[in-house]
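Q: okay, here's the prediction I keep looking at, along with the sequence it came from:
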Amino acid sequence: MKSSVITFPGSNCDRDMDVALRKFGFKNKMVWHADAELPKSDLVVLPGGFSYGDYLRCGSMASKSKIMQSVINFANSGGMVMGICNGFQILVETGLVPGVLLRNKYLEFICKNVFVKINNKQNKYFKNVNNEVLEFHIAHNEGNYFCTNDQLKEIDDNNQIAINYCDENGKIEDQFNPNGSIKNIAGIFNKEKNVLGMMPHPERMIDKSLSGEDGSLFFKNLINNLK
Amino acid sequence: MKISVIITLKKDVLDPQGKVIHQTLDGMGFNDVNEVRQGKYFEIDIKETDNDKAKAKVEEMCKKLLANLVIENYKIIDPK
């Protein structure tokens, strides 16, 4: 399986993602944002970081970079595109997934482990994951998911919520919502479920002694689903 | 020609920064403030000399980059 990780000026989780993808069997290529052509890929990842210093709005500049037109075309033809953290912010700015990520409700940069509950397993990202709840890491200042009422209705109608913030038992309540996101939304799909944007970082949970292994579980499952 | 653009958050979008500014103003003794909403202001010096054409271009910029229409409104100030 071939993957590509796009590096924007200011990306800082691109190499972690590279390490994670390789660890679980992907042949990964790093792609510079100013390139026009996407290498042949089964999965394209927009990594976390602070592309363009978060100027104007997080992800807004990166969403207009040269490579993104190829990424958008790839996604529109059914290609798997995953945006993590800043990558999620870039995805909403391209319009590939609905909504927007606002400043965290309590104006704090949040850096901690969280639990998320998988809401929809009818897709290549979460199909066959045995767990209902995963422990991932978040680190962001703008992760407060917001959308219009019309968008929310569409999201619900098409079952586009991927994961919600919850407690370790999978209870989705306000008190387990770290950033003020509507409905505790931590990750969301496009209508077709080939594009996934999420704030948590699975690539930070791939080592038993350093973190936890729920990210390992995610990536192992992902590559199997793509085969 | 210089054109100014003001970007504001839509009415129903939470503005935590505006809220904190409001609270701080309150703490400083400015007790008669109802609400504070924070926005952005741009000055765009554009080569186009025709007023209408310049405004149309700036409007396109607003839609495509300067504002995110899910959460923000833009207002173009007439050049003088």
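A: Sure thing, it's come through.

Q: ok, now which ones touch the residue nearest to residue A:180 when sequence neighbours are not counted?
A: Residue nearest to residue A:180 in three dimensions, not counting chain neighbours: residue A:105, with 2.8 Å by Cβ to Cβ, 6 or more residues apart in numbering or on different chains. From N, CA and C alone the C-beta is placed, and that goes for glycine too. The neighbourhood of residue A:105, defined by Cβ atoms under 8 Å, 6 or more residues apart in numbering or on different chains, consists of A:144, A:179, A:180, B:14, B:16.

Q: could you do residue A:191 as well?
A: By Cβ under 8 Å, 6+ apart, the residues touching residue A:191 are A:154, A:158, A:160.

Q: list just the nearest of these to chain B.
A: The shortest approach to chain B among those belongs to residue A:154, at 12.8 Å (Cβ to the nearest Cβ).

Q: contacting residues for the residue of chain A found nearest chain B?
A: Closest to chain B within chain A is residue A:100: 4.7 Å, counting by Cβ to the nearest Cβ. Neighbour list for residue A:100: A:92, A:145, A:146, A:147, B:68, B:70, B:71 [criterion: Cβ under 8 Å, 6+ apart].

Q: now the second one. Nearest residue, chain neighbours left out?
A: Excluding the flanking residues, the one nearest residue A:145 by Cβ to Cβ, 6+ apart is residue A:181, at 3.8 Å.

Q: could you double-check that residue A:213 lies in contact with residue A:219?
A: No - at 10.1 Å, residue A:213 does not count as touching residue A:219 under the criterion of Cβ atoms under 8 Å.

Q: neighbour-wise, which of the two wins?
A: Neighbours around residue A:213 and residue A:219, counted as other Cβ atoms under 10 Å in any protein chain shown, are more numerous at residue A:219. The numbers are 21 against 15.

Q: wait, the more buried one touches residue A:20, no?
A: Yes - using Cβ under 8 Å, residue A:219 is in contact with residue A:20, at 5.8 Å.

Q: which neighbours do residue A:213 and residue A:219 share?
A: Going by Cβ under 8 Å, 6+ apart, residues that sit against residue A:213 and also against residue A:219 are residue A:206.

Q: list the residues that contact the residue in chain B that chain A sits nearest to.
A: Residue of chain B nearest chain A, by Cβ to the nearest Cβ: residue B:70 (4.7 Å). For residue B:70, the contacting residues are A:99, A:100, A:146, A:147, A:148, A:151, by Cβ under 8 Å, 6+ apart.

Q: just give me the neighbour total for residue 58.
A: Assuming you mean chain A. Neighbourhood size, residue A:58 [other Cβ under 10 Å]: 28.

Q: if you could check chain B rather than the one you did, that'd help
A: Other residues near residue B:58 come to 23 when the count uses other Cβ under 10 Å.

Q: where does it sit, in terms of helix or strand?
A: Per DSSP states H and E: residue B:58 is located in helix B:51-61.

Q: which of the residues in that helix are buried?
A: Using 16 or more other Cβ atoms under 10 Å in any protein chain shown as the test for burial, helix B:51-61 gives B:54, B:55, B:57, B:58, B:61.

Q: other residues contacting the very next helix or strand once past it?
A: Downstream of helix B:51-61, the next assigned helix or strand under DSSP H and E is strand B:72-77. For strand B:72-77, the surrounding residues in contact (Cβ under 8 Å, 6+ apart) are B:3-10, B:13, B:55, B:58-59, B:62-63, B:66-67.

Q: give me the buried entries from these.
A: Buried members of those, scored by 16+ other Cβ under 10 Å, are B:3, B:5, B:7, B:8, B:9, B:13, B:55, B:58, B:62, B:66, B:67.

Q: beta partners of the fourth one?
A: Okay, so that is residue B:8. Per DSSP bridges, the residues bridged to residue B:8 are residue B:73.

Q: residues of chain B that sit close to chain A?
A: Contact residues, chain B versus chain A (Cβ under 8 Å from any Cβ of the partner chain): B:13, B:14, B:16, B:17, B:20, B:65, B:66, B:68, B:70, B:71.

Q: 7 Å instead?
A: Residues of chain B found near chain A (Cβ under 7 Å from any Cβ of the partner chain) are B:13, B:14, B:16, B:17, B:20, B:65, B:68, B:70, B:71.

Q: now the two most distant members of those.
A: Farthest apart among those by Cβ to Cβ are B:20 and B:65. That separation is 27.1 Å.

Q: for residue 73, give me the pLDDT.
A: Reading this off chain A. For residue A:73, the pLDDT comes out at 98.

Q: if you could check chain B rather than the one you did, that'd help
A: Residue B:73 carries a pLDDT value of 97.

Q: please apply the same query to residue A:209.
A: You'll see residue A:209 listed with a pLDDT of 89.

Q: can you check residue B:16 too?
A: With respect to pLDDT, residue B:16 has a value of 88.
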